[in-house]
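Student: Give me a 3D structure for the following:
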Amino acid sequence: MADNISSRVDTPTNISLSSNVAVTHSLEYKTVSVFLVLLVCGVGIVGNIMVVVVVLTTRHMRTPTNSYLVSLAIADLMVLVAAGLPNVADSLTGTWIFGDAGCLGITYFQYLGINASSCSITAFTVERYIAICHPMKAKTVCTVSRAIRIIAGVWISTCIYCMQWFFLVDIQVGRDGHQFCGYKVKRELYLPIYLIDFAMFYVIPLLLAIVLYAFIARILYLSPLPNQPDTSATTLRRSCRESSQTVRTGRQGRPKKVLSPRKQVTKMLAVVVILFALLWMPYRTLVLINSFVSTPYLDAWFVLFCRTCIYANSAINPVIYNAMSQKFRSAFRGLYSCQRLDGNLRSLSTIQSGIGTIRDLRPIQAHSNGSDGKRAIMGISMDVTTQQYEDEHQETVNGMGADCYTDVNTTAIGGGKDLDETSPAGDNESDESTIHNTTET
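Tutor: Residues are numbered from 1 along each chain as shown. I've put the predicted structure just below:
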C-alpha cells in the first residue's frame, strides 16, 4: 500500500494525494482547492481557445512559429481539461467517480497533453534557432507546411508512447476506503518508467533550450545583422502608426524604444520556456524525491501548490502572448474590433448605394421642377450625410488602435510583403520573413 500511495503523486489529477485524510476532507481545503483550480483552469481554457481561433482565422497569423504555438495551446487545453477538472470533482466528492474507463482515458490524455506540450516547446525552440542563426536555410526549412508535418509527427509519436499508461493504472482503494486512480505496478517497475519520462520530456528539452537560446542571444545581441534590407517601407509603416497614435491622443507622444520583431518574438518564446521550467520544477522534484525515500512527503497543501503550478503553466501562455506580442494583441482585439469594422463597412456600402440612387434622380427632378435651389439643397444634404458617416467611420477605425486597419495598409504599401512583420508562410516563401527572421509571431 505504501508503494501505491507514493506512486499516486505522479498522477496530474492527484487523486487523494495526501495521506492526511483530515486535511483533504476539511472545508477550508476543499474551498481553496476548488476555487483555485477553477480560476486557473477557466482562464487557461478561454485563453488557449482564443490562441487557436486567432491563428486559424487570421491569415497573417499563420506562420511556422504560430503553428507550434497552436500545438502548444491544444496540449495545454488537454492538460487543463483532463487534469484540472477531474481534480475539482475529487476535491468535492473525496473519491474517484469516473470508473475504470475514466481512470484509463483521463490518465492517458493527461500524459499526452504534458508530453505534447514539451515537444511543441522543443519544436519552436529549434525553429527559432534555424530562423535566426541560419537564415538562408530557414528559407526552405521554416515553412508552415513543414511545421504542420512536424506537429503531426509529434502528436502521432506521443500518442503511441502514452499508450503504456493503459497498462500501468487502475482503480485502487485507499486506507480510508475511498477509491482513487493509481498505479497497479510495483515501485521497482514504475521508477525507471518515470525516470525515462522525466528525462525525455523535461531535462533534455530544457538543456536543449538553454544551448540553443545561448546561440540565439549571441546572434541577436552580440553580432551585427548582415545584409540589412532597405527599411523605407518599415519607416513609412511606423510613421503611419505614430501619426494614428497622435490623432487618437491629440498630442505628440514621446517615442518609445521598440524591439525588432525577431527579438520580440524570441524574447516571448524564451519566457515561455523559462516558465515551463519553473512551474514544473516543484512537481517534478517532489515526485523524484518520493521515488527514492521510504516515506514519501505528501503534505496536502504543498501537493495543492504543485498541482496549481502545473495548471498555471498551461494557462499562462496566452497571457504572455498578449503581453509581449503586438501581433497577438492586435489579433485578440480584432476578434471583436474587426467585427465592428465589417458592420460599419456594410452600412457604408448601403448608404453609398442609396446616395447613388438619389443622385441619379437629381437630374430628373431638376428638369421637371426647373429649380436649381432644390438641387443645391439636396446636394448639400447628401454631402452632410456622407461626411457625417465618414467621420463616424473614421472614429471607429481610430478607436481600434490602427491594429487591423494598419496591417491592411501596410500590406498595400509593401506589395503584400512587410519587412518588419511576418507574412503568411508557405512552401515557397521568399519574403523577408524567411531570409531575415520570417517566422515572427
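Student: give the contact list for A277.
Tutor: When contacts are counted by C-beta atoms under 8 Å, 6 or more residues apart in numbering, A277 touches L206. Placement of C-beta: from N, CA and C, glycine included.
Student: That should have said L77, apologies.
Tutor: Residues in contact with L77 (C-beta under 8 Å, 6+ apart) are 44-45, 48-49, 113, 314.
Student: Could you check how far it is from A315?
Tutor: As for L77, its distance to A315 is 10 Å (criterion: C-beta to C-beta, to the nearest Å).
Student: One more: G42?
Tutor: 9 Å.
Student: Give me the more crowded residue out of those two.
Tutor: More crowded of G42 and A315, by other C-beta atoms under 10 Å: A315, with 26 against 14.
Student: Assumed the more buried one was part of a strand.
Tutor: No - membership of A315 in a strand is not supported by DSSP: H, G, I helix; E, B strand; the rest coil, which gives helix.
Student: isn't it right next to V79, touching?
Tutor: No - when contacts are counted by C-beta atoms under 8 Å, A315 is not listed as touching V79 (9.3 Å).
Student: these two touch, right, I216 and E127?
Tutor: No - contact criterion C-beta under 8 Å: I216 and E127 do not qualify, at 11.0 Å.
Student: what's the neighbour count on F166?
Tutor: Neighbourhood size, F166 [other C-beta under 10 Å]: 11.
Student: who touches it in this structure?
Tutor: If you count contacts by C-beta under 8 Å, 6+ apart, F166 has them with 104, 108.
Student: Can you give me the pLDDT of it?
Tutor: pLDDT recorded at F166 is 92.
Student: re the thing from before, now tabulate the contacts of L77 in TSV and tack on neighbour count, secondary structure and pLDDT.
Tutor: Listed next are the contacts of L77 as TSV, based on neighbours: other C-beta atoms under 10 Å; DSSP: H, G, I helix; E, B strand; the rest coil; pLDDT from 0 to 100:
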residue	neighbour count	secondary structure	pLDDT
G44	26	helix	96
I45	19	helix	96
N48	25	helix	96
I49	14	helix	95
G113	24	helix	96
S314	30	helix	95
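Student: Could you identify the most distant pair in these?
Tutor: Spanning the widest gap among the contacts of L77 are I49 and G113, at 14.6 Å by C-beta to C-beta.
Student: Tell me which residues touch I216, please.
Tutor: With C-beta under 8 Å, 6+ apart, I216 has these contacts: 128-129, 132-133, 266.
Student: Compare those residues and tell me which is most surrounded.
Tutor: Going by other C-beta under 10 Å, R128 tops the contacts of I216 with 28 neighbours.
Student: now stretch 57-68: mean pLDDT?
Tutor: Mean predicted confidence for stretch 57-68 is 92.
Student: Compute the first-to-last residue distance for that stretch.
Tutor: 16 Å (C-alpha to C-alpha, to the nearest Å).
Student: cool, stretch 75-95 as well?
Tutor: Stretch 75-95: ends 26 Å apart by C-alpha to C-alpha.
Student: Ok, stretch 155-168 next?
Tutor: For stretch 155-168, the first and last residues are 21 Å from each other (C-alpha to C-alpha).
Student: low-confidence ranges in the stretch 51-200 of the chain?
Tutor: 176 (pLDDT under 70).
Student: For it, which segments are assigned as helices?
Tutor: Remark: helices assigned in the stretch 51-200 of the chain by DSSP state H, counting those that start in this stretch are 64-79, 85-93, 99-133, 135-141, 144-161, 187-198.
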